[in-house]
Structures are given as C-alpha cells and as structure tokens.
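K.L.:
Structural data only, the sequence is not supplied:
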C-alpha cells in the first residue's frame, strides 16, 4: 500500500537515496502507481535517483503511472519503460508465471539496461549511467498518441514539444528507454566500438556455477584476432580501473592474465577480499585513423581466487635458500674428501 511519509522523513529518505548515488550506487526507483499529476513521492522524488515511469505495450504512458512534478517542483520521472502485463514468476507456485503491471515491473527492466551498460563499460558512474540512458531515450511528448493519461499530465512547459530536442516532461521523463543505443553509448564513452577485433576466453569454467577456479600458479588464457595492439583488463569492483597487460605484444594471437596479476592488483584496492569471487573484463585496443583508439567488445569471466595466502610462498625445492644450502654442503664434503686424500697418501709412504 501507499506509505505515508512525514515531511522530515521524506527529506531523510531522499537524502539517503542521494547519498547512495554519491557512493557509486546506480539507484533506480519506481515512480509509483498513484496515477495523475504530482503524485511522485519519496524516494522517487530524490534528485539523483533514476525514477522510472510505466508504459503500456503500445509505449504510451500507463494510466496508473505516477507523474511529476515532485513536491519540490522537480520534473520527474527520468525515463519510462514497459510495465504493463510483464510476465514474471507467480509467488507460492514453485514454477508458475503470471502477468503483472506497475512501475515496479518497469523499473527492473530499466535497471537491467543499466547492468548491460556497466558490462560494456564498468567504469561508468551512476550519473553517467543516468545521462546516457536519458540522452538515448526516445522522447515522448505528454500528448503522445493522444493518451488521456498523458494529456492530463501536460503543463505549460510542454509547449516546448513543438521544438525537436532531447527534453523531459512530467509524464514520460526523457522518454522510453532504448537499450541498444544506451549500451552502445556506454561502450563508446572513451573508444570507438570495433567488433572486427575479438577476444575469446580459452579457460574452461570449473565447478561452482561456471566460475573458473584460480590458484596462484594458474592463469586466465585467451586468444585474439583482428590485429589487436594492446590488452587491458579490470575487475568489476567499483574501486578498480583498467590495467594494461604488460605481457601482451602487438601481433600476439593470445595471452594470459595470471592469478598473480589479479592478486597484485586487488591487494591494493580498499575493501576487497582476495579470496573468493571476482568478475574480470578484458578488451583489446587498436589505433584508428582519427588519431584515437578503437576497442573490441568486452569479454568477461567469473573467477574464484583460491589459496591466495600461498601466492608468494616458494616450494622448498625451488627456494634459492635450499639450493644454496645444498651446494654449500656438497662443496664442504668435496673439500673434506680432497683434504683427506693427501694425508692417506702420506701415511702409506711412511
């Protein structure tokens, strides 16, 4: 049901939502199902949250979808996504499905597009996710298709609908989310996308739901095609960034990222446990005619680092100390034998 917030509580919840975004959490909030103008409340009214309205199957606004402005006169929602008659699991059935409607069905769809954007470019901030999604959305005027629910939400600012530009209204926000355009915009933030370059992971997943188990002596093996000049990799941890793979040379047709590479990178990242699951993204780069670089599609692999405590321990038979002691003992024995031989000869002469 509807949660009745006191004004002070609304401010507190909105501040917490904004704080989550400041801490690199991309936050999607359902606009609500209260219908009509000025019905988006906390936490959908939070300034930095991505508030999602619901569309019917024909991409017009759903009659139940809450609309802006917020109490602070902020234009909301940010975007809209299909939320009517969405197939989902039926509770208490075990294996059944049923159709649900609501902004709570629209919001996971938009969040799923964001997940694809972050897979294409793990370095995106929550604000960049929001901006790319808004900029690539297909704008819907509040009068779109003559839908009564949209027309009722029109205000004086919607006279701007006569001018074609990317904008926002209190019914559709910036418009209907477009997944391919949003993901491509994310992928091309720094480099042009070039699928003529390819990276293929050769390491086979072992056990534990397709995670590849890596001990300190093992590696992620991959092959390349398309004249890749350099390889970069990173984990999908928020605090990580892209790292050049120094062992890869232009013209190579394959390479490896060792478990030690991962351990050496992760041990300097705050709040990261070495032992356990990590998602690794890999991309290839190539110079292009514009003076910049093009990037291959990213490939990802889920790994489980194991026995990391032994990363810098040497086996006894490989340890230099052991070799030095063995050589020293052998030399001492040889010297002792050589010293005894003349003495034995002297005794024989006597």
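P.N.:
Great, that's in hand. Quick caveat, the model's predicted, so the values are computed rather than measured.
K.L.:
For the stretch 251-350 of the chain, give me the ranges with low pLDDT.
P.N.:
Residues of the stretch 251-350 of the chain meeting the criterion pLDDT under 70: 315-350.
K.L.:
how about the strands in it?
P.N.:
Secondary structure of the stretch 251-350 of the chain by DSSP state E, counting those that start in this stretch: the strands cover 254-258, 276-287, 293-295, 299-305.
K.L.:
can you tell me which of those strands comes nearest to residue 47?
P.N.:
strand 276-287 (30.3 Å; Cβ to Cβ). Every C-beta, even on glycine, is put in place using the N, C-alpha and C of the backbone.
K.L.:
what's the closest one packed up against?
P.N.:
For strand 276-287, the elements it packs on are strand 198-201, strand 219-225, strand 230-235, helix 259-266, strand 293-295, strand 299-305, judged by 3 or more Cβ pairs under 8 Å, 6 or more residues apart in numbering; DSSP states H and E.
K.L.:
List the contacts of the fifth one.
P.N.:
Judged by Cβ atoms under 8 Å, 6 or more residues apart in numbering, the contacts made with strand 293-295 from elsewhere in the structure are 187, 190-194, 197, 283-288.
K.L.:
Contact partners for the nearest residue to residue 89 once chain neighbours are set aside?
P.N.:
Leaving out its chain neighbours, the residue that sits closest to residue 89 by Cβ to Cβ, 6 or more residues apart in numbering is residue 97, at 6.1 Å. By Cβ under 8 Å, 6+ apart, the residues touching residue 97 are 87-90.
K.L.:
mind listing the strands for the stretch 101-250 of the chain?
P.N.:
For the stretch 101-250 of the chain, applying DSSP E, counting those that start in this stretch gives strands covering 192-193, 198-201, 212-214, 219-225, 230-235, 243-244.
K.L.:
Can you give the strand pairings for the fourth one, parallel or anti for each?
P.N.:
Right, strand 219-225. With DSSP bridges as the test, strand 219-225 is paired with strand 198-201 (antiparallel), strand 254-258 (antiparallel).
K.L.:
Residue 246 is nearest to which of those strands?
P.N.:
Between residue 246 and the strands paired with strand 219-225, the tightest spacing by Cβ to Cβ is seen for strand 254-258, at 10.3 Å.
K.L.:
between the helices and strands packed on strand 276-287, which one is nearest to residue 279?
P.N.:
The nearest among the helices and strands packed on strand 276-287, by Cβ to Cβ, is strand 299-305 at 5.4 Å.
K.L.:
show me where pLDDT drops low in the stretch 1-150 of the chain?
P.N.:
1-10, 147, 149-150.
K.L.:
for it, what spans make up the helices?
P.N.:
7-22, 103-120, 126-136, 148-152 (DSSP state H, counting those that start in this stretch).
K.L.:
now those helices in JSON lines, with mean neighbour count?
P.N.:
Shown next, in JSON lines, are the helices of the stretch 1-150 of the chain (neighbours: other Cβ atoms under 10 Å):
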{"stretch": "helix 7-22", "mean neighbour count": "15"}
{"stretch": "helix 103-120", "mean neighbour count": "20"}
{"stretch": "helix 126-136", "mean neighbour count": "20"}
{"stretch": "helix 148-152", "mean neighbour count": "17"}
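K.L.:
looking at those helices, which is closest to residue 251?
P.N.:
helix 103-120 (26.4 Å).
K.L.:
Which elements pack onto that closest one?
P.N.:
Checked by 3+ Cβ pairs under 8 Å, 6+ apart, helix 103-120 has strand 28-30, strand 50-55, strand 79-82, strand 86-89, helix 126-136, helix 179-187 packed alongside it.
K.L.:
from the ones you listed, which stretch is densest packed?
P.N.:
Ranked by average neighbour count under the criterion mean count of other Cβ atoms under 10 Å, the helices and strands packed on helix 103-120 are headed by strand 50-55 at a mean of 29.
K.L.:
And the contacts of it?
P.N.:
26-31, 33, 40, 44-45, 61-62, 64-67, 76-84, 101-103, 105-107, 110, 114, 129-130, 133, 171-173, 176.
K.L.:
can you check stretch 178-193 too?
P.N.:
Here stretch 178-193 makes contact (Cβ under 8 Å, 6+ apart) with 113, 116-118, 120-121, 123-124, 128-129, 132-133, 135-138, 285, 288, 290, 292-295, 297-298.
K.L.:
where's that stretch relative to the chain centroid, distance-wise?
P.N.:
Taking Cα atoms, centre = their mean, to the nearest Å, one finds stretch 178-193 lying 14 Å from the centre of the chain it belongs to.
K.L.:
just stretch 107-120 next, same as before
P.N.:
From the chain centre to the centre of stretch 107-120 is a distance of 9 Å (Cα atoms, centre = their mean).
K.L.:
All set now, cheers.
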